[in-house]
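Enquirer: No letters, just coordinates:
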């Protein structure tokens with residue numbers, strides 16, 4: 001390969017067959033179980049990078065089923081999101097994510113900086129209960145339950161919230177010298193082209209279990225607030241760098 005050819009075509013790893021592609025990442029019938037809980041605001045402040053500000057003690061634990069993800073296929077995902085503020089606007093900071101598909105792990109980390117690790121999440125209906133479960137290898141890490149389709153929500157309001165809420169990520173890529181970061185950026189992205197097929201609220205419960213390599217209990221539960229169940233189509237928008245820690 002010529003140097004000019006590499007400069008022109010290089011985008012993601014590996015060069016000849018990258019996990020991340022130059023395409024619109026569309027998700028059809030993406031299903032969310034989001035359980036909101038109150039945690040310790042002092043702990044959250046230690047976990048969230050400046051210049052973001054923690055605005056409340058609320059953490060959202062998400063279980064997601066993605067049966068039709070363009071470029072990625074079908075997979076499930078789970079993780080924790082913290083409510084934050086940047087320049088006076090409220091948003092969400094992704095603290096941890098676990099999923100069972102290598103391509104979106106690699107592409108998500110390389111392009112946006114999603115904090116993704118391999119895990120075994122699931123989201124299923126168990127008779128009258130929506131059940132989200134996260135395992136790390138063979139060990140239960142989180143179990144969430146919500147009453148199935150109790151209270152219908154305003155679909156337009158849910159659409160606006162999904163599209164208008166900025167999402168933040170701390171993107172880190174290590175230097176080849178193994179001593180420092182080559183990239184360390186605060187990234188912001190939005191969800192686009194959202195079509196909400198259904199949205200419900202209801203009572204929920206959440207259990208978190210200690211695990212050294214999936215430390216979800218680092219954001220402890222003080223009180224579970226409630227659950228939201230959403231089914232929607234959307235496009236994952238590309239991000240922009242709002243702060244570069246190395247400059």
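Expert: Looks like it arrived, so ask away. Not measured: the values here are computed from a predicted model. Numbering: from 1, shown residues only.
Enquirer: same for the top helix by length along the chain, what does it pack against?
Expert: The longest helix of the chain (DSSP state H) is helix 155-164. If you count contacts as 3 or more CB pairs under 8 Å, 6 or more residues apart in numbering; DSSP states H and E, helix 155-164 packs onto strand 191-202, strand 223-236. From N, CA and C alone the C-beta is placed, and that goes for glycine too.
Enquirer: nearest to residue 38, of those?
Expert: In terms of CB to CB, the element of the helices and strands packed on helix 155-164 nearest to residue 38 is strand 223-236, at 4.4 Å.
Enquirer: tilt between that closest one and strand 191-202?
Expert: Taking axes from the mean of the first three to the mean of the last three CA atoms, to 10 degrees, one finds strand 223-236 and strand 191-202 inclined to each other by 150 degrees.
Enquirer: And the next helix or strand past strand 223-236?
Expert: Counting by DSSP states H and E, the next helix or strand C-terminal to strand 223-236 is strand 240-244.
Enquirer: Please identify the pairing partners of that next one and their relative orientation?
Expert: When pairing is defined by DSSP bridges, strand 240-244 lines up against strand 181-189 (antiparallel).
Enquirer: What strand or helix carries the closest residue to residue 136 other than its chain neighbours?
Expert: Residue nearest to residue 136 in three dimensions, not counting chain neighbours: residue 214, with 3.9 Å by CB to CB, 6 or more residues apart in numbering. For residue 214, there is no helix or strand it lies in under DSSP H and E.
Enquirer: tell me the pLDDT at residue 233?
Expert: pLDDT, residue 233: 98.
Enquirer: got the contact list for it?
Expert: Counting by CB atoms under 8 Å, 6 or more residues apart in numbering, residue 233 makes contact with 26-30, 193-195, 197.
Enquirer: mind redoing it with 6 Å?
Expert: Under the criterion of CB atoms under 6 Å, 6 or more residues apart in numbering, the contact partners of residue 233 comprise 28, 195.
Enquirer: Name whatever forms a beta bridge with it.
Expert: residue 195.
Enquirer: Rounded mean pLDDT for stretch 82-99, please.
Expert: For stretch 82-99, the per-residue pLDDT averages 97.
Enquirer: Double-check that residue 49 belongs to a helix.
Expert: No. Read with DSSP: H, G, I helix; E, B strand; the rest coil, residue 49 is coil and lies in no helix.
Enquirer: Need the nearest residue in space to it, chain neighbours excluded.
Expert: The shortest distance from residue 49 to any non-neighbouring residue, by CB to CB, 6+ apart, is to residue 170 (5.3 Å).
Enquirer: I'd assumed residue 188 was in contact with residue 243.
Expert: No. Residue 243 is beyond contact range of residue 188, at 9.2 Å (criterion: CB atoms under 6 Å).
Enquirer: can I get the helices and strands packed on helix 155-164 in CSV with distance to residue 156?
Expert: Below are the helices and strands packed on helix 155-164 laid out as CSV (distance: least, CB to CB, whole Å):
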stretch, distance to residue 156
strand 191-202, 8
strand 223-236, 12
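Enquirer: wait, which of the ones you listed is closest to residue 47?
Expert: Residue 47 lies closest to strand 223-236 among those, at 18.7 Å (CB to CB).
Enquirer: in the closest one, what's buried?
Expert: Under the neighbour-count criterion of 16 or more other CB atoms under 10 Å, strand 223-236 has 224, 226-230, 232, 234, 236 buried.
Enquirer: Out of the residues you listed, the closest to residue 41 would be?
Expert: Closest to residue 41, out of all of these and judged by CB to CB, is residue 224, at 16.4 Å.
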